[in-house]
Every structure is written in C-alpha cells, then in structure tokens.
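J.: generate coordinates for the sequence data below:
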Amino acid sequence: MTLERLATAGAHAGALLMARGETIAVVDGATGGLISAGLLAMPGASAFYRGGGVIYSLKGRRIVLGHEPGSLRGLTSATESYALAQAQLIRARYDADWGIAETGAAGPGRHPLGVASGTSAIAVAGPGDVNATILVHTGSEDRLANMQAFALAALELLAQTLGDGATLPAA
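T.: As a prediction, the model looks like this:
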C-alpha cells in the first residue's frame, strides 16, 4: 500500500464531507497521523478538515482531547468503546460535525497494555448520535503495514458512515 492509496481513500471521504457541507476532526493513534494525511492530501481539505492530533501518551490525550480528568477511566486502549469516546471528544473539541479516532497496536511486539500487534479499534461519531465502530486484526507484526491498514480502514469506515456504502477497490 502507498500514500497514494490513502490519499485516494481520503479524497473519497473528503468529497463526501464537502458534498454534505460538513466538517471533521481526527485523533490518530497507532496510525501516527496517516488518517489526517489521507484527508489532507486532497486539495481543498480546509473546507472540511478542522484539525486533530496524534495521541501517544496520557498527557497528550488530555491536551488533544481536552477532557476532564478521570472522564475516560475504565476504558481500555484499542477497544471500540475507547475509540468511540475519543471520536466524540475530538468532535466536540473542534466543534466539528464528525469525529474519527483510531487506537491500537502497530507492533512489532506487544503494546504496553498487552494489546496484540496488528489490532486497532476505530470509531466515527457524527450528528444525530450517528456512531460506527470497527475492530481491525491484521495478524501482522509489520508496523508500517499495520499503520497503513488501520488508516485505510478508518477512511473506509468514514466513507461508509457518511452514506457511501462502497469500499474502494483493493490496491
């Protein structure tokens, strides 16, 4: 997979957002910014992209999401419920119509909390309490391939949630 593949998926989702006149904010985790990069590769992305951040620590999470201390207590990294909470928080933080979040373990080796490499939870939160989540398992220890697979899955989930229903053809 290449950055061009992510840019194609990002442009697809971005075009759907633009057609709807809606905005998005992004929280990248194990994707390291690739979800944002996919969306921002589209010319005119400023029409729909509000902002976001990469969360890699508890301190970073508090800064990016601006949540109250303890408000995420009991949620575990790389779970759909945790990804959804982050998507809702980033949406509110940036006053965006949509929020998307990814949390996982790109590998190699185990995540500090014991999450297996190649595991990612992704969530999209939108208007009218529209929420969608998926759990991705690649079964791979390949860090870069996992990062790309997670980002592509996130962009495809976004497009599907926006009402497209189609996935892009395999590269």
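J.: just the CA trace of the worst-scoring helix or strand of the chain on mean pLDDT, in CSV.
T.: Comparing helices and strands within the chain by mean pLDDT, DSSP states H and E singles out helix 58-65 as the least confident, with a mean of 89. The C-alpha coordinates for helix 58-65 follow below in CSV (Å, rounded to 0.1, in the frame of the first residue of the first chain):
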residue,chain,number,x,y,z
LEU,A,58,-1.9,10.1,28.7
LYS,A,59,-0.6,13.7,28.8
GLY,A,60,-1.0,14.0,25.0
ARG,A,61,-4.6,12.6,25.3
ARG,A,62,-5.5,15.3,27.8
ILE,A,63,-4.0,18.1,25.7
VAL,A,64,-5.5,17.0,22.4
LEU,A,65,-9.0,15.9,23.7
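J.: which other helices and strands contact that helix?
T.: If you count contacts as 3 or more Cβ pairs under 8 Å, 6 or more residues apart in numbering; DSSP states H and E, helix 58-65 packs onto strand 49-54, helix 80-93. C-beta coordinates here come from the backbone N, C-alpha and C atoms, glycine included.
J.: buried ones in the longest one?
T.: Right, the one you point to is helix 80-93. Of the residues in helix 80-93, 80, 82-91, 93 count as buried by neighbour count, 16 or more other Cβ atoms under 10 Å.
J.: okay, buried residues for the least confident helix or strand of the chain please.
T.: 61, 64-65.
J.: now the element after whichever strand or helix holds residue 8, going C-ward?
T.: The secondary structure element spanning residue 8 is helix 3-20 (assigned by DSSP states H and E). Following helix 3-20 in sequence order, the next helix or strand is strand 24-28 (DSSP H and E).
J.: who does that following strand touch, helix- and strand-wise?
T.: In terms of contacts (3+ Cβ pairs under 8 Å, 6+ apart), strand 24-28 is packed against helix 34-40, strand 49-54, helix 80-93, strand 98-105.
J.: out of those, flag the one nearest residue 151.
T.: Distances from residue 151 to each of the helices and strands packed on strand 24-28 were compared using Cβ to Cβ; the shortest belongs to helix 34-40, at 3.6 Å.
J.: how far does the closest one sit from the chain's center?
T.: Centroid separation for helix 34-40 versus its chain: 9 Å, with Cα atoms, centre = their mean, to the nearest Å.
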